[in-house]
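Peer 1: Sequence and predicted structure, then a few things I'm wondering about:
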Amino acid sequence: MRLEGKVALVTGAARGIGEAIARAFAAEGAFVYVSDIDQGNGYAVAQSLGHSASFVPLDVRSEIEWRETTEAIIQKHGKLDILVNNAGITGFEGDDVPHDPENASLEAWRSVHETNLDGVFLGCKYAIRAMRGSGTGSIINISSRSGIVGIPTAAAYASSKAAVRNHTKSVALYCAQQGMKVRCNSIHPAAILTPMWEPMLGSGPDRESNMAMFVQDTPLRRFGMPEEVAAVAVMLAADESSYITGAEINIDGGILAGSAAAPSQ
Ligand code: NAD
């Protein structure tokens, strides 16, 4: 019960990593607001958690919805202890134009940044305001390994995630300057097996070989599981990480550790 008595809001929690984080937080004793634009699945996740959770529809691109959601939480609980800015998109779905630096459309570029970056900016803004009352809290931004290295085929996604990494540090420093015990850290996952991957993996006989292809450069040679990311989020949300702020934690099976080049190369 590392999060007993804490109130948490998780965005994009209807499935994938966000759902796993919501479940882990509830298992550790927190009351969790499961939020998403996918109301059907979001409601089902919250319902399955019984008295430990409630669903709240929240489109992270909407400033009005952020204001209303955080004000409603403060009204009900008097505090917000944890925010996880998890909602994110690749922007590939329904877009035939490649997302490389030469061909990506300005429309797609802006749309990816609107969810992945503007959404995180708004989340941090309203979480800081909500956490001012108690003066304590933990903001966790889900960036990506793509926020640390360039990704030529997903330039908009990589740019948005790099900005999330940097904004996390601005938020951490701002809160410290303000004398608040509000910490802000980023998590950088890679190759986590969630529905985000399904269009690329397929369900046919090629699925196994597709999976092997995507993890061939991953030192641990497998996909990570959403629960493994959730475990890191629990640690950053709990008081045990009270001296960690402005930090970035990779959870990527070793990809960012570097290539295993032989000494002669
Ligand atoms: P997913 O696609 O399975 O789930 C994302 C959820 O976000 C969905 O429920 C979706 O409805 C919701 N969402 C989308 N737009 C939204 C909006 N405007 N407002 C509110 N909710 C919205 O994705 P996932 O794999 O679980 O990824 C979660 C986070 O982790 C994302 O930020 C993603 O970029 C990041 N990430 C994932 C991986 C991976 O390999 N899965 C790797 C690195 C980073």
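Peer 2: Now that the structure is in, tell me what you want to look at. Nothing here was measured: the structure is a model prediction, and the numbers come from that model.
Peer 1: and residue 234, how many neighbours?
Peer 2: 21 (other Cβ atoms under 10 Å). Yep, even glycine has a C-beta here, placed from its N, CA and C like the rest.
Peer 1: quick one: what helix or strand has it in it?
Peer 2: Under the criterion of DSSP states H and E, residue 234 resides in helix 226-237.
Peer 1: following that helix, which helix or strand comes up?
Peer 2: strand 248-251.
Peer 1: how about the residues of the stretch 1-150 of the chain that lie near the ligand?
Peer 2: Residues of the stretch 1-150 of the chain that fall close to the ligand, judged by Cβ under 6 Å from any ligand atom: 11-12, 14-18, 36-38, 58-61, 86-89, 115, 142, 144.
Peer 1: In PyMOL, select just the buried ones from the residues you listed.
Peer 2: Command for PyMOL, covering only those of those found buried under the criterion 16 or more other Cβ atoms under 10 Å:
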select buried, resi 11+12+14+15+16+17+18+36+37+38+58+60+86+87+88+89+115+142+144
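Peer 1: Which of the residues of the stretch 1-150 of the chain next to the ligand fall in strands?
Peer 2: 36, 142 (DSSP state E).
Peer 1: can you give me the helices in this protein?
Peer 2: For the chain, applying DSSP state H gives helices covering 16-27, 39-48, 63-77, 106-113, 119-131, 155-177, 198-201, 207-214, 226-237.
Peer 1: Return the most buried member of the ones you listed.
Peer 2: Neighbour counts (mean count of other Cβ atoms under 10 Å) averaged over each of the helices of the chain peak at helix 16-27, with a mean of 26.
Peer 1: Just list what that one packs against, helices and strands only.
Peer 2: strand 7-10, strand 31-36, helix 39-48, strand 82-85, helix 226-237 (3 or more Cβ pairs under 8 Å, 6 or more residues apart in numbering; DSSP states H and E).
Peer 1: These into a markdown table, with extra columns for distance to residue 175?
Peer 2: Below are the helices and strands packed on helix 16-27 laid out as a markdown table (distance: least, Cβ to Cβ, whole Å):
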| stretch | distance to residue 175 |
| --- | --- |
| strand 7-10 | 17 |
| strand 31-36 | 21 |
| helix 39-48 | 28 |
| strand 82-85 | 12 |
| helix 226-237 | 14 |
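Peer 1: Redo the ones you listed as a markdown table? Include mean pLDDT.
Peer 2: Output for those, formatted as a markdown table (pLDDT from 0 to 100):
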| stretch | mean pLDDT |
| --- | --- |
| strand 7-10 | 99 |
| strand 31-36 | 98 |
| helix 39-48 | 98 |
| strand 82-85 | 99 |
| helix 226-237 | 98 |
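Peer 1: Nothing else from me, thank you.
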